[in-house]
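Chemist: kindly generate the corresponding structure for this input.
(chains A, B, C and D)
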2 protein chains.
Amino acid sequence: MSLDKKIQISDAEWEVMKVVWELKRPTSGEIISCLNSNGFDWSPKTIRTMITRLVKKNEIKCKEEDGLLRYSSIKEKDRLIKDAGKRFLKKIFDGGTSNLLLHFVNNTDLSNAEIEELQKSLDQKRDEQKK
Amino acid sequence: MSLDKKIQISDAEWEVMKVVWELKRPTSGEIISCLNSNGFDWSPKTIRTMITRLVKKNEIKCKEEDGLLRYSSIKEKDRLIKDAGKRFLKKIFDGGTSNLLLHFVNNTDLSNAEIEELQKSLDQKRDEQKK
DNA sequence: TATATATGACTACAGATGTAGTCTTGTGTC
DNA sequence: GACACAAGACTACATCTGTAGTCATATATA
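Modeler: Modelled structure (predicted):
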């Protein structure tokens, strides 16, 4: 066992990915506008570099349309979230899911509605495991 | 809002931190042995560099005893876990705790005992919030 | 047509991180 | 005392990441 040395999506690149998923095949200009209006005061040059590197990392692909490139994610958002979750779980909680869950339950705010939804999910999971 | 640019503990450094917490004021040799027996086939030189950098980052401190340095964490383990959890939550789930919790509940294995413990915690949390 | 701006390709630099090497010093063993 | 090894300080290199700049090209506007 050792650290997974596969090149990761950096924190800043995650913000770009989130915009790519949200906007559906955006142009670089659209990504830049969205990030800037989300409070990331990054220069367009910086954001363009991040986009280019994500393409190079094979995380997004682009297709030319009307002289502009439109970008899209190569993998499903869920896939990337799962992988990031696994990595985090392993790094901080040595893979112990219930420790992670307890940690967040005990250290963050949850509305009653959220608590009930979680309870329902846990009920469902327990029922499925009984079969 | 923008990315928190504070220097982070890297993935590899987290593994060192975990050993420092577990072994209670270990020497570098003890850290090296422990990591190697945990499956990290890192050279002693690599591990020593990581230790030195963590000291430089003010994450651990050292004290000389009998000619050897003994290392200890400057912050509580819980503090670092909380900070890492917050950062992950913001990066992947835009701060939405219940989304994170649902994600892990629905995508990982949990024993019935773990499910019950979680439900108890959620019950407690709901009760506390009613006051 | 001239000008302004956006876009993409290519480049650059600083700092962080992973992976060590070299050298000096101290300790333990023979 | 000689030798081996561990430890710590200091150094080095490659790669990744954040933050751009430069240049050429295309498009829009006056």
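
Chemist: any weak-confidence spans in chain A?
Modeler: Residues of chain A meeting the criterion pLDDT under 70: A:1-2, A:131.

Chemist: spatially central residue for it, please.
Modeler: Centroid-nearest residue in chain A: A:Ile81, 4.9 Å away (criterion: C-alpha atoms, centre = their mean).

Chemist: grab the nearest non-local neighbour of it.
Modeler: In space, and not counting its chain neighbours, A:Ile81 is closest to B:Ile92: 5.9 Å by C-beta to C-beta, 6 or more residues apart in numbering or on different chains. Yep, even glycine has a C-beta here, placed from its N, CA and C like the rest.

Chemist: for the one you found, which three-state class applies?
Modeler: Following DSSP: H, G, I helix; E, B strand; the rest coil, we place B:Ile92 in the helix state.

Chemist: who's in contact with it?
Modeler: Taking C-beta atoms under 8 Å, 6 or more residues apart in numbering or on different chains, we find B:Ile92 in contact with A:Trp14, A:Ile81, A:Ala84, A:Gly85, A:Phe88, B:Leu100.

Chemist: from those residues, pick the one nearest B:Ser72.
Modeler: Taking C-beta to C-beta as the measure, B:Ser72 sits nearest to A:Phe88 out of the contacts of B:Ile92, at 25.0 Å.

Chemist: ok, the closest one touching B:Phe88?
Modeler: Yes. Under the criterion of C-beta atoms under 8 Å, A:Phe88 makes contact with B:Phe88 at 5.0 Å.

Chemist: ok, now which ones touch A:Glu114?
Modeler: Contact partners of A:Glu114, counting by C-beta under 8 Å, 6+ apart, are B:Thr97, B:Ser98.

Chemist: any idea which element it lies in?
Modeler: In this structure, A:Glu114 is located in helix A:112-130 according to DSSP states H and E.

Chemist: mind listing what's buried along that helix?
Modeler: For helix A:112-130, a neighbour-count test (16 or more other C-beta atoms under 10 Å in any protein chain shown) marks A:Glu114, A:Ile115, A:Glu117, A:Leu118, A:Ser121, A:Leu122, A:Lys125, A:Arg126 as buried.

Chemist: also stretch A:57-71?
Modeler: A:Glu59, A:Ile60, A:Cys62, A:Arg70, A:Tyr71.

Chemist: wait, what's in contact with the first one?
Modeler: I take that to be A:Glu59. Going by C-beta under 8 Å, 6+ apart, A:Glu59 touches A:Ile9, A:Glu13, A:Met17, A:Ser73, A:Ile74, A:Lys75, A:Leu80.

Chemist: quick check, A:Asp4 in contact with A:Lys86.
Modeler: No. Look at A:Asp4 against A:Lys86 with C-beta under 8 Å: they stay out of range, at 9.2 Å.

Chemist: who has more neighbours out of these two?
Modeler: Neighbours were counted for A:Asp4 and for A:Lys86 using other C-beta atoms under 10 Å in any protein chain shown; A:Lys86 has more, 16 against 13.

Chemist: just to be sure, that one is in a helix?
Modeler: Yes. Checked against three-state DSSP, A:Lys86 lies within a helix.

Chemist: how close does it get to A:Leu100?
Modeler: The gap separating A:Lys86 from A:Leu100 is 11 Å, by C-beta to C-beta, to the nearest Å.

Chemist: now A:Ala84
Modeler: From A:Ala84 to A:Leu100 the distance is 13 Å (C-beta to C-beta).

Chemist: quick one, which of the two is more surrounded?
Modeler: Of the pair A:Ala84 and A:Leu100, A:Leu100 is the one with more neighbours under other C-beta under 10 Å, namely 23 against 17.

Chemist: and that one, what element?
Modeler: Assigned by DSSP H and E, A:Leu100 falls in helix A:97-107.

Chemist: what does A:Cys62 give?
Modeler: strand A:60-65.
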